[in-house]
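Chemist: Compute the structure for the input listed below.
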Amino acid sequence: MEGMSERQYAAHVGLSRGAIQKAKEAGRLVQHADGSIDAVASDAQRAAMTDPAKQRGASENAPPPKLKPVPDTALSAVGDTLRENGLVPPVTGGGTTFLQAKTANEVLKAQERKLKLAKLKGELIDRNRAVGLVFRLAREERDAWVTWPARAAALMASELGVMIVDHGVLEPAMMQKVLEAHVRAQLESLAEVRIDLS
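Modeler: All right, here's what the predicted structure looks like:
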């Protein structure tokens, strides 16, 4: 026999014979022509095809699996989230481990669930809807102020006992015109205010 038997390889990697048979059927093991298992090639192939989080304790003789580094662009999105939650952010530059990436992913999933729950409870609203509501409120407020001088001018003049005379004729509309000019000037200055919901 060129290589190891199923039983020998199971002892080599610290797994049951049944697990080795499943790995053999799934094509995760390399076999010699006589059907025996090539241990070195099989260890490498298993390491490449198996999620490190799902591996049971491998034998000390088995080489440690080589983990692919997580791209920096993926890590930059989760670094702030981890910091906000009191965790150590992943190191950029190719030194990130599978465990760090998995932790970051779990934190993001939990944060996403929290946002969905807050939205279901009515604690969050759609940004476009909020902008539309603020715009409508501002327009209603402006319209109320534009019509205010016409309603208030005569009342103010009578309360103050003011009589505006133009060419010998009582002009209550003069007070309204003055009020309208001041209200419009104030509304123009308020129109420059922009809301930022970013």
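
Chemist: Any buried residues in the longest helix belonging to the chain, and which?
Modeler: The longest helix of the chain (DSSP state H) is helix 127-160. Using 16 or more other CB atoms under 10 Å as the burial criterion, the residues of helix 127-160 that qualify are 149, 153, 157. (Glycine included, C-beta is placed from N, CA and C.)

Chemist: Now do that helix: which elements does it pack against?
Modeler: For helix 127-160, the packing partners by 3 or more CB pairs under 8 Å, 6 or more residues apart in numbering; DSSP states H and E come out as helix 172-191.

Chemist: Output the helix it packs on as CSV, restricted to C-alpha atoms.
Modeler: Taking Å, rounded to 0.1, in the frame of the first residue of the first chain, the C-alpha atoms of helix 172-191 are listed here in CSV:
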residue,chain,number,x,y,z
PRO,A,172,-56.0,100.8,6.9
ALA,A,173,-54.3,99.0,4.0
MET,A,174,-51.1,101.0,4.5
MET,A,175,-50.3,99.2,7.8
GLN,A,176,-51.0,95.9,6.0
LYS,A,177,-48.5,96.8,3.2
VAL,A,178,-45.8,97.7,5.8
LEU,A,179,-46.4,94.4,7.7
GLU,A,180,-46.3,92.4,4.4
ALA,A,181,-43.0,93.9,3.4
HIS,A,182,-41.4,93.0,6.8
VAL,A,183,-42.9,89.5,6.8
ARG,A,184,-41.7,88.7,3.3
ALA,A,185,-38.2,89.9,4.2
GLN,A,186,-38.2,87.6,7.2
LEU,A,187,-39.5,84.7,5.1
GLU,A,188,-36.8,85.3,2.5
SER,A,189,-34.1,85.1,5.2
LEU,A,190,-35.7,81.8,6.5
ALA,A,191,-35.7,80.3,3.0
